[in-house]
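>>> structure, please.
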Amino acid sequence: MLALSQPAYVLHSRAYRESSALVDFLTPQGRLRAVLRGARGKAGTLARPFIPLELETRGRGELKNVGRLEAAGIPNLLSGNALFSGMYLNELLIRVLPAEDPHPALFEQYALTVLALAQGRSLEPLLRAFEWRLLDELGYGFALDSDVQGDAIAATGLYRLQADSGLLPIGHWQPGAFLGSELLAMAEANWEAPGALAAAKRLMRQALAPHLGGRPLVSRELFMTFKEPIRD
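Numbers count the residues shown, from 1 in each chain. Coordinates of the predicted model:
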């Protein structure tokens, strides 16, 4: 039986049969699902999100078995808005990231983002950076400083996102449009620029929507219901 050991984070866990758990993990080799037996014991206490883990799985099929699960670092303790943000990242990965599709750079970005959330860093720039990296890793990224025709974004221009291709210049304002100055600020990660963060949130929602299958994200709805005032 093939055994593979690698760093991992738990994305989601649910009860499975009498004493096992069905766990979705994020690893450098991609998202995978495995059965954790004896989930009510010591291993079960580790099968929680945001804990750096060392995971050993066994099996060749889509549903593997956890052979070994150990802590590999200090748990990232998230609460309040940071916790909802972490839940959002986990649900986004489960919904968008194909199973067993290796993305080591995305795994590293996730680890750094969860650590930054635990440290109390400003939420919105962290989330937008991760969403952008996810889109880029999956091949859905697009330029922020040039349009679909290859022309440079004009600060005074108006643009809309054209699915699967990029930013299309438009002649007049329409719902969902973006100012060129906002797009240029995003390209430079200049979150102090007026409107840049709000525009980035709208842009990422538009870019991710085709890949979510029309179903809303539960974590996003929970965040809107229970969110605390954000203090940067």
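>>> how long is stretch 32-45 from one end to the other?
End-to-end distance of stretch 32-45: 19 Å, with C-alpha to C-alpha, to the nearest Å as the criterion.
>>> what's the spacing between stretch 75-88 and its chain's center?
Remark: stretch 75-88 is offset 13 Å from the chain centroid, using C-alpha atoms, centre = their mean, to the nearest Å.
>>> where is the longest helix in this protein?
helix 80-96 (DSSP state H).
>>> now the most centrally placed residue in the chain: closest residue in space that isn't a chain neighbour?
The centroid of the chain falls nearest to residue 89 when counting by C-alpha atoms, centre = their mean (3.7 Å). With C-beta to C-beta, 6 or more residues apart in numbering as the criterion, residue 89 has its nearest non-adjacent residue at 6.2 Å, and that residue is residue 130. All C-beta spots, glycine's among them, are computed from the backbone N, C-alpha and C.
>>> how many neighbours does residue 149 have?
Residue 149: 9 surrounding residues under other C-beta atoms under 10 Å.
>>> nope, residue 191 is what I was after
Residue 191: 16 neighbours (other C-beta under 10 Å).
>>> what sits against it?
Each residue near residue 191 by C-beta atoms under 8 Å, 6 or more residues apart in numbering is listed here: 122, 124-125, 185, 197, 200.
>>> buried subset of the residues you listed?
Buried members of these, counted by 16 or more other C-beta atoms under 10 Å: 124-125, 185, 197, 200.
>>> would TSV of the contacts of residue 191 with secondary structure be doable?
Converted to TSV, these look like this (DSSP: H, G, I helix; E, B strand; the rest coil):
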residue	secondary structure
122	coil
124	helix
125	helix
185	helix
197	helix
200	helix
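>>> pop the domain breakdown of this structure in here.
Following automatic domain parsing, one gets these domains for the chain: 3-71, 80-226.
>>> which parts of stretch 19-27 are buried?
Buried residues in stretch 19-27, counted by 16+ other C-beta under 10 Å: 20-27.
>>> and stretch 103-110, by the same measure?
Per 16+ other C-beta under 10 Å, stretch 103-110 contains these buried residues: 103, 106-107, 109-110.
>>> got the CA coordinates for that stretch in CSV?
Once non-C-alpha atoms are left out, stretch 103-110 reads as follows in CSV (Å, rounded to 0.1, in the frame of the first residue of the first chain):
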residue,chain,number,x,y,z
HIS,A,103,-0.1,23.6,-5.9
PRO,A,104,2.8,23.9,-3.5
ALA,A,105,3.0,27.7,-3.9
LEU,A,106,-0.7,28.0,-3.0
PHE,A,107,-0.1,25.8,0.1
GLU,A,108,2.7,28.1,1.2
GLN,A,109,0.4,31.1,0.6
TYR,A,110,-2.3,29.5,2.7
